[in-house]
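> What follows is a protein structure lacking sequence information:
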């Protein structure tokens, strides 16, 4: 599904986001390691990305960008604290991915309705579909 470069870029984005509030918390790092494992990326490679960003790759199709945004939302909420820096950063990253601002804001508002602020994937798709039709 993803090339090695795309995988490293996805993880690099997640690491960049985790650093939004100046430090990567243990829960955030562990979540990144789980995602890396699912993508077939080693913990050593993640360690390298923490020290050096990977080259940015654009995700196509849009469904991959929505999936990456969902990963960022999960990462933001893994420690049950969403700082203002994280909220601002996730909005910036969503816009950089080409996602609609209305959809981003709706996701950030609706996440509070779910346990641990985890929006079910089906609801996430519904939100984005609403703003793209």
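Yes, it's here. The model shown is predicted, which means the values in this text are computed figures rather than measured ones.
> Please count neighbours and contacts with C-alpha atoms only from this point.
Will do.
> Find the nearest non-adjacent residue to the residue sitting nearest the centre point of the chain, please.
Among the residues of the chain, the one closest to the centroid is residue 72, at 1.9 Å (CA atoms, centre = their mean). Nearest residue to residue 72, sequence neighbours excluded (CA to CA, 6 or more residues apart in numbering): residue 14, at 6.4 Å.
> Let me see the contact set for that neighbour.
When contacts are counted by CA atoms under 8 Å, 6 or more residues apart in numbering, residue 14 touches 32, 71-72, 75.
> Adding pLDDT and secondary structure, write those out as a markdown table.
As requested, these are arranged in a markdown table below (pLDDT from 0 to 100; DSSP: H, G, I helix; E, B strand; the rest coil):
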| residue | pLDDT | secondary structure |
| --- | --- | --- |
| 32 | 97 | helix |
| 71 | 95 | helix |
| 72 | 96 | helix |
| 75 | 95 | helix |
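> Closest to residue 98 out of the residues you listed?
Among these, residue 72 lies closest to residue 98 (CA to CA), at 14.8 Å.
> Quick check: buried residues in the strand or helix carrying the residue nearest to residue 72?
Residue 14 belongs to helix 4-18 when assigned by DSSP states H and E. Buried positions in helix 4-18, judged by neighbour count with 16 or more other CA atoms under 10 Å: 6-18.
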